[in-house]
Structures are given as C-alpha cells and as structure tokens.
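*Asks:* please find the sequence and the predicted model below.
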Amino acid sequence: MDQKVVTRFAPSPTGNLHSGSYRTAIFAYLFARQNRGTFVLRIEDTDKARSTVEYENNILDSLKWLGLEHDIFVRQSENNLRHKEVLEKMIADGHAYISKEEAKDGSGVIKEIVRFKNPNIDVTFHDEIKGDVTMHTKDLGDFVIAKNINEPLFHLAVVVDDFDEGITHVIRGEDHVSNTPRQILIQRAIGAPTPVYAHLPLVLGLDKQKLSKRKGALAMTEYRDLGYLPEALLNMVAMVGWNPGTEQELFSKDELVAAFKLNQVQKSPAVFNPEKLNWFNREYIKKLSSDEQKNLIKKFMPEKLSGISDEMLSKLVPVITERLNYFGELFKMADEGEFDYCISTPQIDLAKLPGKGNELANAKLHLEKVLGILKNIDEKNWNAVTVKESLWSYAEEAGKGNVLWPMRFALSGRDKSPDPFTLADILGREETIVRIEKAVSLIS
Ligand code: GLU
C-alpha cells in the first residue's frame with residue numbers, strides 16, 4: 001500500500017463510553033500504528049444538546065490511560081463552516097436541495113431542511129471484515145443531510161471530515177453499516193474517495209445482549225478507578241472478537257501492534273466476559289515488580305489498614321496480590337476482616353483452635369513445642385523460610401495438620417489465612433511468640 005494509512009476514532013461525547021466503543025478505538029489505533037500511519041481522534045460533538053465537555057474529557061482520559069495516543073485531534077463542531085461550504089456546493093451542483101417542510105412536532109412551523117438528491121442506485125463497498133457488501137439505496141429516499149443550511153447532520157459531517165482528514169480506513173461499529181451507503185453517495189457527490197471500511201461485530205455481555213450502560217457495562221474510567229491495570233484492559237478488549245489464531249493470550253501493546261490483523265476480526269458478535277478480564281488483570285498484576293504492587297496497594301489502601309508499618313506492608317504484598325482480581329477488592333477484603341490479624345491480636349475461638357477432630361490438650365502440647373522451637377530462631381534470622389525449616393521435621397512427625405493448624409489459628413484467629421510461616425514472617429518474631437503464648441495460656 002503506497003498511500004499512508006489514516007484511521008480515526010470518532011466518538012460522540014454524549015455519555016461515558018464502555019469497552020465496546022474502546023475496542024473500536026483499539027483496533028483503529030493498532031491498525032494505524034502497524035502501518036506507520038496516523039491515528040485521528042475526532043470528537044463528534046455536533047449534537048449540541050447531548051454533547052458535554054465532561055464526556056469529552058472522560059474519553060480523553062480513557063484513551064490516555066489505555067495508552068492510545070492520537071496524532072491529530074479534531075472537534076467536529078469546529079468544522080461547521082467547512083460543512084456548510086460543502087453543503088452549499090452540493091446544493092449549487094444539484095446534489096442536494098432545500099425542502100420546505102412542516103416540522104414534525106405538529107407546531108405547523110415550516111422548516112428549510114436540506115435533502116440529498118438520491119440517485120437510487122446499488123452501492124457496493126468492500127468491508128475488510130464482511131467482504132463485499134451491496135445495498136440498494138432506493139428505500140433511503142432523498143434523505144436529510146442538514147436540519148437547515150447552518151446545521152449539517154451526521155452523515156454529511158462524517159463524510160466531509162473523513163475526506164478532509166484523509167481517512168483511508170473507517171473502522172467502526174457494525175451499527176453504522178446501514179449508514180455506509182448514504183455516506184458513499186455523499187462521497188461520490190462531493191468527489192471524495194471512498195475509504196476502506198471495517199465494520200466491527202457487536203460486543204455482547206454475558207447475557208448475549210448488546211453491551212450497554214443500562215445493563216451494567218462499565219465506563220473505562222470505572223475500571224481504572226476500581227484498580228484494574230490499563231495493560232489488562234487493552235489486552236483483554238483487543239481480544240474481544242479478534243485472536244491471533246495461536247495459543248498466545250498475553251500481548252503487550254507493541255505485540256498487539258505487530259500481531260493484529262483487521263481482516264482476522266471475527267464476523268459474529270463477541271462476548272465481553274468480566275471473568276476473563278479478571279484473569280488478564282491477575283496476569284498483569286503478577287508481571288509488576290513488588291514495588292509497583294506495593295504502590296498500587298497503597299493507593300487503594302483501606303482506612304482500616306492505614307496504620308500498618310511499611311515493613312509489614314512489604315511482607316503483605318505477595319499475600320495480598322495473589323488474592324486480588326483488581327486492587328479495589330482490597331476494600332471488601334478489609335471489610336471482611338481478612339487482614340485484621342495485621343492490625344490487632346485476634347480473639348481466639350477455642351472450639352476451632354485444635355482443628356477438626358482434634359483435642360485442645362493436644363493443641364496445647366503442640367503449641368508449646370512450637371514455641372520452644374521458634375524461640376531458638378533469633379530475630380535476625382527470622383523469616384518464613386527459616387520458620388518453616390525449623391518446624392518442618394516436628395510437624396511431619398506429629399502430623400502437619402495437628403501442629404500447623406493450631407499455630408496458624410493462634411496467629412490469625414481465622415479459618416482462612418496465609419500459612420503459618422508467612423504469618424510468622426508478617427507478624428515478626430516477638431508478636432508471633434506472644435500470640436502463641438497467649439493461645440497456650442487461654443487453653444490452660
Ligand atoms: N460518532 C459516531 C458514534 O459515536 C461514530 C461515527 C463513525 O464512526 O463514523 O457512534
């Protein structure tokens with residue numbers, strides 16, 4: 001291809017967009033980058049009543065967060081004069097005409113709308129995903145292209161802007177397929193080339209219904225605020241309706257740029273599965289350094305845990321991250337008391353301390369033995385590995401469950417918690433010994 005590729009993402013800032021829209025942005029971006037082309041971001045704000053700066057900013061924030069930097073930024077409303085100029089020329093050339101019509105609201109007001117003079121022909125266009133598409137345009141009639149000479153409507157604005165921006169590939173949602181013949185007719189009337197089209201299949205929720213805000217689809221910034229990683233969203237959303245045909249699932253942005261194939265996008269609707277997103281997110285959490293993980297934990301730190309020392313937090317990092325789908329889950333975990341053992345000495349339920357089918361007296365015996373062993377490890381050698389190595393042969397001999405359950409329970413007071421060696425490491429030598437001694441004296 002000699003011509004430089006130019007793609008665009010052309011959202012209307014009339015709401016916060018969900019992943020379905022961002023998939024369009026991702027594909028348009030990847031295609032531009034892999035062809036060393038240009039990626040245009042065009043905010044289609046001609047619907048003044050519904051467009052807001054907040055929604056526009058939300059789109060900009062989301063794209064930035066995902067790492068989809070644009071080369072050119074355009075706000076459609078700012079091209080209004082140019083749209084008008086084209087409209088006037090179309091009228092002068094006989095491709096459009098002013099039609100005086102009564103307003104549909106029953107007010108009896110007469111409006112001067114502009115209609116396109118439809119040549120009523122078959123329009124065929126090539127779609128990279130659907131193949132060749134032919135549609136007859138007769139049913140469209142002389143469709144409206146401007147509310148009045150000053151207010152061009154969607155089709156005209158899109159065609160003029162695509163033309164002026166030199167868009168070579170229009171990558172957009174399937175909901176626009178039926179608009180394409182109208183837009184091609186306008187292109188021909190104004191002498192604009194027809195770009196290559198790629199209409200992307202719908203993105204569905206798990207209920208197989210079109211993804212929508214009303215059905216709980218989240219805005220991209222909501223994922224950000226929940227503590228998802230942008231790499232995970234980018235990777236996951238890129239794979240809704242596309243895959244490279246190999247087993248590989250994890251792709252960095254550069255790998256996506258290299259691997260993505262527009263004509264490999266599936267024709268049938270694709271499902272956005274939040275569980276799959278969680279899987280991607282966990283994979284990307286694992287790829288972070290422990291410092292990066294720690295910083296994210298700090299960012300999402302529940303008030304309840306804010307008193308934890310930095311040293312303890314460092315030890316908690318792997319414990320926390322292996323349990324998380326996304327960092328915002330920390331709040332729920334903290335609310336459910338999952339990290340209470342870090343904040344205060346737990347209340348011990350003696351009925352549970354020995355573990356299922358075991359006697360309190362035995363638990364006491366094992367805990368005393370454990371204490372004896374632990375006291376032989378000095379402060380500077382204290383860590384999960386040395387604690388485990390010191391206790392292991394006794395635990396094997398006496399039965400791991402018999403020894404390790406009471407120890408773990410004495411330290412955490414919870415049915416579920418990290419293993420006792422990790423707990424001993426998190427709590428430190430002194431606190432570990434104090435808690436086990438406390439459990440022993442409670443039994444006595
Ligand atoms: N502004 C349109 C939308 O938000 C997209 C138009 C286009 O891609 O041609 O759906």
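*Replies:* Everything's here; your move.

*Asks:* end to end, how far does stretch 196-210 reach?
*Replies:* One end of stretch 196-210 to the other measures 25 Å (C-alpha to C-alpha, to the nearest Å).

*Asks:* so it, near the ligand or not?
*Replies:* No: Stretch 196-210 lies out of reach of the ligand by C-beta under 6 Å from any ligand atom, never closer than 9.7 Å. C-beta: built from backbone N, CA, C; applies to glycine.

*Asks:* which residues are contacting stretch 331-340?
*Replies:* 300, 302, 304-305, 308, 316, 320, 323-324, 346, 413-414, 417 (C-beta atoms under 8 Å, 6 or more residues apart in numbering).

*Asks:* how about that stretch: buried residues?
*Replies:* By 16 or more other C-beta atoms under 10 Å, the buried positions in stretch 331-340 come out as 331, 334, 338-340.

*Asks:* out of the contacts of stretch 331-340, which are buried?
*Replies:* Burial by neighbour count, 16+ other C-beta under 10 Å: within the contacts of stretch 331-340 this picks out 300, 304-305, 308, 316, 320, 324, 346, 413-414, 417.

*Asks:* and residue 414, what does it touch?
*Replies:* Here residue 414 is in contact with 337-338, 340-341, 346 (criterion: C-beta under 8 Å, 6+ apart).

*Asks:* likewise residue 82?
*Replies:* So residue 82 contacts 160, 164 (C-beta under 8 Å, 6+ apart).

*Asks:* send the alpha carbons of the host helix or strand of it over as PDB?
*Replies:* Element membership for residue 82 (DSSP states H and E) is helix 80-92. The C-alpha coordinates for helix 80-92 follow below in PDB (Å, rounded to 0.1, in the frame of the first residue of the first chain):
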ATOM      1  CA  ASN A  80     -19.000  23.700  11.000                       C
ATOM      2  CA  LEU A  81     -18.100  26.400   8.400                       C
ATOM      3  CA  ARG A  82     -16.500  23.800   6.200                       C
ATOM      4  CA  HIS A  83     -19.500  21.600   6.400                       C
ATOM      5  CA  LYS A  84     -21.700  24.500   5.400                       C
ATOM      6  CA  GLU A  85     -19.400  25.300   2.500                       C
ATOM      7  CA  VAL A  86     -19.700  21.800   1.200                       C
ATOM      8  CA  LEU A  87     -23.500  21.800   1.700                       C
ATOM      9  CA  GLU A  88     -23.800  25.000  -0.300                       C
ATOM     10  CA  LYS A  89     -21.700  23.500  -3.100                       C
ATOM     11  CA  MET A  90     -23.800  20.400  -3.100                       C
ATOM     12  CA  ILE A  91     -26.900  22.500  -3.500                       C
ATOM     13  CA  ALA A  92     -25.300  24.500  -6.300                       C
END
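
*Asks:* now that helix: buried residues?
*Replies:* For helix 80-92, a neighbour-count test (16+ other C-beta under 10 Å) marks 83-84, 86-87, 90-91 as buried.

*Asks:* any idea how far that helix is from the chain center?
*Replies:* 40 Å (C-alpha atoms, centre = their mean, to the nearest Å).

*Asks:* contacts for the helix or strand following that helix?
*Replies:* Using DSSP H and E, the helix or strand that follows helix 80-92 in sequence is strand 96-102. Under the criterion C-beta under 8 Å, 6+ apart, residues 87, 90-91, 108-117, 142, 145-146, 149, 189 lie in contact with strand 96-102.
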